[in-house]
Structures are given as structure tokens and as C-alpha cells.
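In: Mind looking at a prediction? Sequence and model below.
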Amino acid sequence: MSGKDETKSGKIRTEAEIRAERLAKTLRDNLQRRKQQARARRAGEADETTGLPGSASAAKKDESGG
């Protein structure tokens, strides 16, 4: 591949432009996904957990020597 791509309008895009467009799309998709996750969290009940769920049991094993 020559590193260039021709669109329907005849404009030639460089590899860097194609990559930048792909990155911008990925960032937009990620932002939309994060917004959706935030909306879902607001719709549910508050998370009452402290720390990681498995951390308490792991700490007990270390203290007991097992």
C-alpha cells in the first residue's frame, strides 16, 4: 500500500489522516460508552462496597498464615 487513499470525491488522504480519523472515532465511541455507563449507574442504587470485593477475604488468608 502506498500510504494514501483516494475517497469518492477524489481527495487523497494520507495514512496519518486516516489514522487520526480512526482514533477520533474510537475516542467518540469510548466517550459514548462511558456516558451510557454513568447513566446506568445513576439509574441504579448507590454502590455501598468499599474496596475490591475479594480484598477482605485475601487479607484474612494472609493474617491466618494460610
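Out: On my side now, so go ahead.
In: Please make it C-alpha for all contacts and neighbour counts, starting now.
Out: Will do.
In: all strands for the protein, in order.
Out: Taking DSSP state E as the criterion, the chain contains strands spanning 4-6, 12-14.
In: The ones you listed: lowest mean pLDDT?
Out: Averaging pLDDT over each of those singles out strand 4-6 as the lowest, with a mean of 63.
In: Restricting to C-alpha, output stretch 36-47 in PDB.
Out: The C-alpha atoms that make up stretch 36-47 are tabulated as PDB, following Å, rounded to 0.1, in the frame of the first residue of the first chain:
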ATOM      1  CA  GLN A  36     -24.000   5.300  29.000                       C
ATOM      2  CA  GLN A  37     -22.300   3.600  31.900                       C
ATOM      3  CA  ALA A  38     -22.700   6.700  34.000                       C
ATOM      4  CA  ARG A  39     -26.400   7.000  33.200                       C
ATOM      5  CA  ALA A  40     -26.900   3.400  34.100                       C
ATOM      6  CA  ARG A  41     -25.200   3.900  37.400                       C
ATOM      7  CA  ARG A  42     -27.300   6.900  38.200                       C
ATOM      8  CA  ALA A  43     -30.400   4.900  37.400                       C
ATOM      9  CA  GLY A  44     -29.500   2.100  39.900                       C
ATOM     10  CA  GLU A  45     -28.900   2.200  43.600                       C
ATOM     11  CA  ALA A  46     -25.700   3.500  45.100                       C
ATOM     12  CA  ASP A  47     -22.800   1.100  45.300                       C
END
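In: Would you mind listing the buried residues in it?
Out: Taking 16 or more other C-alpha atoms under 10 Å as the basis for neighbour counts, none of the residues of stretch 36-47 comes out buried.
In: could you give me the average pLDDT of that stretch?
Out: Rounded to a whole number, the mean pLDDT of stretch 36-47 is 79.
In: quick one, longest helix in this structure?
Out: In terms of residue count, the longest helix belonging to the chain (DSSP state H) is helix 15-43.
In: Report how many residues lie close to D29.
Out: By other C-alpha atoms under 10 Å, the residues close to D29 number 12.
In: For L23, see how far away it is.
Out: 10 Å (C-alpha to C-alpha, to the nearest Å).
In: Could you measure from R39 over to Q32?
Out: In this structure, R39 lies at 11 Å from Q32, with C-alpha to C-alpha as the measure.
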